[in-house]
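Visitor: Need the 3D shape of this:
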Amino acid sequence: MTAGEASGPTGPESVRLDKWLWAARFFKTRALAAEAVAGGKVELNGDKPKRARAVRPGDRLRIRLGPYLHLVTVLQLSERRGPASAAAALYQEDPEGMKQREWLREQHRVAKAGFPHGDGRPSKKDRRDLTRLKRDGK
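Guide: Modelled structure (predicted):
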């Protein structure tokens, strides 16, 4: 048994970072998790890790998914992807990170409401009126 395969009575002592991110359902595939780690979207205890870095209970992760930032503490390890309820038990989310994410979500909602989309594609008459306006406006 190698150091990476060592396991305690309740399971492994450490798991690869990309595998844990996948099992905790932050990413849909391990390939996407590995790509995010390589792209600097994931920090482990303040460092920019490689995808094979070992994750242990108590480690702090900072995960950027699009515009949102997740600040989590690893509680349990898993090498298998299970249901969402089991995945949520693998980590504890920092309340400050949840508050920031909710604030950003609200900002996006308000910004979207400020720009009405209209009625869709312009009709033939609308298009002719626009063309006429552009031509006469020069």
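
Visitor: Next one: the residue nearest to Glu93 when sequence neighbours are not counted, what pLDDT does it get?
Guide: Nearest-residue entry for Glu93: Val72, 5.4 Å, with adjacent residues in sequence omitted and distances by C-beta to C-beta, 6 or more residues apart in numbering. Where C-beta positions appear, they are placed from N, C-alpha and C, glycine not excepted. pLDDT, the model's per-residue confidence, is 95 for Val72.

Visitor: ok so Val72 is a strand residue?
Guide: Yes. Applying DSSP: H, G, I helix; E, B strand; the rest coil, one finds Val72 inside a strand.

Visitor: what are the bridge partners for it, then?
Guide: Applying DSSP bridges to Val72 gives these bridge partners: Leu61, Glu93.

Visitor: give the contact list for it.
Guide: 60-61, 63, 91-94, 97 (C-beta atoms under 8 Å, 6 or more residues apart in numbering).

Visitor: Alright, calling it a day.
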